[in-house]
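Colleague: fold the stuff below for me.
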Amino acid sequence: MTNTKFVTPIDDRYFEDYVPRAVYECGCIGVEEAEIIAFGQRFDPQPFHTDREAARQSPFGGLIASGWHTASLMMRLFVEHYLSRVASLGSPGVDELRWLKPVRPGDMLSLRVTVLEAKPSRSKPDRGLVRSYIEVLNQHSEVVMTMKALNFLQRRGT
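Modeller: As a prediction, this is how the structure comes out:
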């Protein structure tokens, strides 16, 4: 499946609405130089995230976003466009997080999310676990980051 649209809006989306093999393309968020530097200074103070001149001398040839900044931008899009606003019950974690290409000032990022699995809980019948494969793409449709997310979601009517 490709370019699927959710049948239900995000504020009425439950476990049952996440169908395995469905693919969703969503969101768009810009990457700003000042935010790259501020995030780097606060959370990942490596010179290629915090200093334009030092970044030019790095293997990246210029300023790049921290991978953790990219993950934060992904999370913003994931919450705004994919994850249910009424049924999300948190996450036990992520698997296979990979940063594949540098993210630079001026890049525009979007998501492609594939539902890998939607499994009802055996021990808690009011919920299920959705496993999603997330790809973060830049404005050239290049994949810059991937990961697998796990999310607990409430089942409809429980």
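Colleague: switch to C-alpha atoms for all contacts and neighbour counts from now on
Modeller: Fine.
Colleague: any stretches of the protein with poor pLDDT?
Modeller: 1-3 (pLDDT under 70).
Colleague: in it, which spans are strands?
Modeller: Remark: strands assigned in the chain by DSSP state E are 23-30, 93-99, 108-120, 127-137, 143-154.
Colleague: can you redo those strands as TSV with mean neighbour count?
Modeller: TSV is the format used below for the strands of the chain (neighbours: other CA atoms under 10 Å):
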stretch	mean neighbour count
strand 23-30	18
strand 93-99	13
strand 108-120	21
strand 127-137	22
strand 143-154	21
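Colleague: TSV please, covering those and showing distance to Ala65.
Modeller: What follows is these, written out as TSV (distance: least, CA to CA, whole Å):
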stretch	distance to Ala65
strand 23-30	12
strand 93-99	11
strand 108-120	12
strand 127-137	13
strand 143-154	11
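Colleague: what helices and strands are in contact with the longest helix anywhere in the chain?
Modeller: Longest helix in the chain by number of residues (criterion: DSSP state H): helix 67-81. Secondary-structure packing of helix 67-81 (3 or more CA pairs under 8 Å, 6 or more residues apart in numbering; DSSP states H and E): strand 23-30, helix 33-43, strand 108-120.
Colleague: tell me what angle the second one forms with helix 67-81.
Modeller: Read it as helix 33-43. Angle, helix 33-43 to helix 67-81, by axes from the mean of the first three to the mean of the last three CA atoms, to 10 degrees: 110 degrees.
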